[in-house]
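Participant: Next come a sequence and a model predicted from it.
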Amino acid sequence: MSEINDSYKALKAPSEGFFKDKGSKFYSFAFPVKNEQEVQACLTEIRKKFHDARHHCYAYSIGFERDLFRINDDGEPSGTAGNPIHGQILSHDLRNVLIIVVRYFGGTKLGVRGLINAYKFAAQDAINNGDIINKTLKDIYELHYDYPMMSKVMYILKEENLEQLDTTFEIDCRLKFSVRKKDSKRIEDIFKAMYPLKIKYIESK
C-alpha cells in the first residue's frame with residue numbers, strides 16, 4: 001500500500017502584489033484562511049479600504065482536497081478575473097488561501113485576453129511575494145477513558161510524539177490529540193485495542 005500524502009503548501013502570512021496595464025492598476029492581496037468566516041472578514045477589510053475601486057475580484061480554496069472554493073468576477077466579463085486568480089492558486093499548489101485583486105480602471109479597455117493576463121499576473125505577483133511553507137494535514141481524535149488508564153495513555157502520547165489538545169482529567173477522562181494523517185490509522189488501532197478506552201475521530205485540519 002502506498003503511503004498517504006498528507007503534506008501541502010500554504011502561505012505563512014498575508015502578501016501583496018501589483019500589476020499595471022494601459023493605465024488600469026491591479027492591486028493583489030493573498031491571505032492564508034481556514035474557513036469562509038475568515039474569507040468574509042478579509043473581503044470586508046479590502047472592500048472598505050479600497051471602496052472607490054471598480055472591481056474587487058477574488059478566488060479562494062479551502063481544505064486539503066480543495067472541496068471548498070469560490071470564484072468571483074465582481075462585474076468583470078465572465079471568466080476573466082476569478083478563473084485566472086484561481087488558476088494561480090492551483091498552479092502554485094496552494095491550499096487554504098484567498099486572493100483578492102482590486103482594479104482601478106485606467107480609461108482604456110483591455111479586452112478579454114488583456115483582463116485574463118492582468119488578473120493572472122497580479123495574483124501571481126502576490127503569491128511570489130509571499131512566504132510559502134510546507135504544512136501537514138492532521139487528524140484530531142478524542143479519547144474517553146477511566147482515570148486508572150491514564151499512565152498507559154500518556155505513555156503512548158509521549159512515545160508517538162502526539163500533540164495534546166483539550167484535556168479533562170477526572171474519574172472519567174477526556175483528551176483530544178492530533179496526529180499526522182499518514183499515521184492516524186496506526187495510532188487509532190493502538191487505542192482501539194485498549195478496552196474499555198473509546199476513541200472518536202473529530203476532524204482533519
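Facilitator: Structure's in. What do you need?

Participant: Please enumerate the helices of this structure.
Facilitator: 36-49, 82-91, 111-128, 150-159, 181-192 (DSSP state H).

Participant: Ranking helices and strands of the protein by mean pLDDT, which lands last?
Facilitator: Taking mean pLDDT, DSSP states H and E as the measure, the chain has strand 163-168 as its least confident helix or strand, at a mean of 90.

Participant: shaky segments in the chain?
Facilitator: 1-3 (pLDDT under 70).

Participant: one more time with 90
Facilitator: Filtered on pLDDT under 90, the chain yields the residue ranges 1-6, 64-67, 107, 166-172, 203-205.

Participant: So which residue is dead centre in it?
Facilitator: residue 96 (1.4 Å; C-alpha atoms, centre = their mean).

Participant: re the thing from before, how about the helices of the chain in CSV, adding mean neighbour count?
Facilitator: Glycine gets a C-beta too; all of them are placed from N, C-alpha and C. Below are these laid out as CSV (neighbours: other C-beta atoms under 10 Å):
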stretch, mean neighbour count
helix 36-49, 14
helix 82-91, 20
helix 111-128, 21
helix 150-159, 12
helix 181-192, 14
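
Participant: With respect to residue 140, which of those lies nearest?
Facilitator: Nearest of the helices of the chain to residue 140, taken as C-beta to C-beta: helix 181-192 at 9.5 Å.

Participant: Around the nearest residue to residue 79 once chain neighbours are set aside, count how many other residues there are.
Facilitator: Distance criterion C-beta to C-beta, 6 or more residues apart in numbering; nearest residue to residue 79, sequence neighbours excluded, is residue 73 at 7.1 Å. Using other C-beta atoms under 10 Å, residue 73 is surrounded by 19 other residues.

Participant: quick one, what contacts residue 73?
Facilitator: Residue 73 makes contacts with 55, 57, 79, 80, 81, 82, as judged by C-beta atoms under 8 Å, 6 or more residues apart in numbering.

Participant: Could you check how far the residue of the chain positioned farthest from its centre is from residue 30?
Facilitator: Distance from the C-alpha centroid of the chain peaks at residue 148, with 39.4 Å (C-alpha atoms, centre = their mean). Look at residue 148 and residue 30: by C-beta to C-beta, to the nearest Å, they are 51 Å apart.

Participant: Residue 56 too?
Facilitator: 14 Å.

Participant: what do you get for residue 159?
Facilitator: The gap separating residue 159 from residue 30 is 39 Å, by C-beta to C-beta.

Participant: cool, residue 70 as well?
Facilitator: For residue 70 relative to residue 30 (C-beta to C-beta), the value is 15 Å.

Participant: Residue 37 now?
Facilitator: On the measure of C-beta to C-beta, residue 37 and residue 30 end up 18 Å apart.
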